[in-house]
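Undergrad: sequence first, then the predicted structure, then my questions.
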Amino acid sequence: MERIILFGGAFDPIHFGHLQMAECASKQLGAKVLFIPAKISVWKNESAPVKDKIEMIKLAIKDFNRENVFDVSDYEASLENDTNYTIDTVKHFKKAYPNSEIYLLIGQDQVNSFHDWKDADELAKLVKVIYFGRETYSRSENVKRFNMMVIDGEINNYNSTDIRNLHSLDTTDGVINYIIDNDLYFMQEIKSRMHKDRYIHSKSVALLSYEIAKSNSVDNPKRALIAGLVHDCGKELPKEIEAEIMKTHYSEYLYLDSIVYHQFTGEYLAKKVFGIEDPSILNAIKYHTTACGEMDDIAKIVYCADKIEPTRGFGSEKLINSMKSSLKKGFDDVMTSNIEYYVNHKVDYLNPLTKACLDRYYKK
Ligand SMILES: [Fe+2]
Ligand SMILES: [Fe+2]
């Protein structure tokens, strides 16, 4: 008999933890998994529309290569009422799949409160309720009372909130691209801080940085993506606020041309507005214009991607390919092109930060 696991939730957005749970449960029971995103999310203001959540689940399933085992249902999404009870969803799928054995996957935190669910006893008779987390909940009375079944498996601690806030991006590339393309979650904050052209540039820097980081097998390449997204967030701050931030937090750099101040205010906003703490991401933002004598791979990538991203429109394909095939050679090539530009345009580029970068990394 075919087995189907109903996996409801906010999926706002879907992340690796959801996929791991679905994978574990599916393998243990030899069952298909049906993701059923809720129509309304608890986090109303910062939530994505349910049609986007469905699209992201589809992309995640594709990225995870599970098109034959996982599927998404718009059953709850297309209900007229905003409130929906699990018992109704279960009855719907019992009817839709009369010859299948139906399981209901619930979250760990729902085990202890299950008795409060509408028609909980009937629910547990209609389907087998399954959950993760043997350690924490094995002694819950509800496990016995509702004949729940535990699914074994280590599920890493990922969460959607961290993705919505740009603290981590623990989901598949298809989902990340969708978030960026459709201005969801953290993209709203970034968008609100800049004009359209700069927003397009920031997205382009982020995606190119991520690609370069991946093709060079850089550790945790999503750091490059995050730094790229945020790098120019300080550029359109009112001058008086910029001056205040510079005076208070970056007074040692006040001697530089004010055109580069936005790299410092960008770092400031990354910390204050986005709560970013990763030193590598912060450093990449902080020196994306001048470069400096302390640059890790992420900093070099974001620095270069900022100069050569395709929407700059100066035929940078060669430099992009060079960066993708070798970070070392690509960095030298971008620097050579930069220096040429500065010399031709009589720009004085030898401030102490840029000089320190050239002394340490250029053609070394
Ligand atoms: Fe910039
Ligand atoms: Fe930029």
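TA: All right, it came through fine. Ligands and ions are numbered 1, 2, ... in the order given.

Undergrad: tell me the SS of residue 191?
TA: helix (DSSP: H, G, I helix; E, B strand; the rest coil).

Undergrad: pLDDT value on it, please?
TA: On pLDDT, residue 191 comes in at 98.

Undergrad: so who does the residue nearest to residue 268 when sequence neighbours are not counted touch?
TA: Nearest non-adjacent residue to residue 268, counting by C-beta to C-beta, 6 or more residues apart in numbering: residue 245, 5.3 Å away. From N, CA and C alone the C-beta is placed, and that goes for glycine too. Residue 245 makes contacts with 234, 237, 264-265, 268, as judged by C-beta atoms under 8 Å, 6 or more residues apart in numbering.

Undergrad: from ligand 2, how far out is residue 245?
TA: Distance of residue 245 to ligand 2, given as C-beta to the ion, to the nearest Å: 18 Å.

Undergrad: so that residue, which of the three states?
TA: Classified using three-state DSSP, residue 245 is helix.

Undergrad: one step back: taking the contacts of residue 245, tell me the two that lie furthest apart.
TA: Greatest spatial distance among these (C-beta to C-beta): 237 and 264, at 10.8 Å.

Undergrad: who has more neighbours, the two?
TA: residue 264 (24 against 19; other C-beta atoms under 10 Å).

Undergrad: can you pull the contacts of the more buried one?
TA: 234, 245-246, 249-250, 253, 286.

Undergrad: columns distance to residue 58 on top of these, output as CSV?
TA: Output for the contacts of residue 264, formatted as CSV (distance: C-beta to C-beta, whole Å):
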residue, distance to residue 58
234, 36
245, 42
246, 46
249, 44
250, 45
253, 46
286, 38
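
Undergrad: select only the buried ones of those in PyMOL?
TA: Entered in PyMOL, the line below selects the buried ones among the contacts of residue 264, by 16 or more other C-beta atoms under 10 Å:
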select buried, resi 234+245+246+250+253+286
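
Undergrad: on that earlier part again, which ones among the contacts of residue 245 are found in helices?
TA: 264-265, 268 (DSSP state H).

Undergrad: need phi/psi at residue 97.
TA: For residue 97, the backbone dihedrals (degrees, to the nearest 10) come out as phi -120, psi 70.

Undergrad: mind listing what's buried in the helix or strand containing residue 150?
TA: Element membership of residue 150, judged by DSSP states H and E, is strand 149-151. If you call a residue buried by 16+ other C-beta under 10 Å, then strand 149-151 has these buried ones: 150-151.

Undergrad: partner strands of it and their direction?
TA: As defined by DSSP bridges, the strand partners of strand 149-151 come to strand 128-132 (parallel).

Undergrad: how distant is the partner strand from the center of its chain?
TA: 28 Å (C-alpha atoms, centre = their mean, to the nearest Å).

Undergrad: which residues of the stretch 201-350 of the chain lie near ligand 2?
TA: 232, 306 (C-beta under 5 Å from the ion).

Undergrad: let me see the ranges of the helices in the stretch 201-350 of the chain.
TA: 222-230, 239-249, 261-272, 279-286, 297-308, 317-325, 327-344 (DSSP state H, counting those that start in this stretch).

Undergrad: TSV for the ones you listed, including distance to residue 38 and mean pLDDT?
TA: Converted to TSV, the helices of the stretch 201-350 of the chain look like this (distance: least, C-beta to C-beta, whole Å; pLDDT from 0 to 100):
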stretch	distance to residue 38	mean pLDDT
helix 222-230	27	98
helix 239-249	40	98
helix 261-272	32	98
helix 279-286	32	98
helix 297-308	36	98
helix 317-325	40	97
helix 327-344	43	96
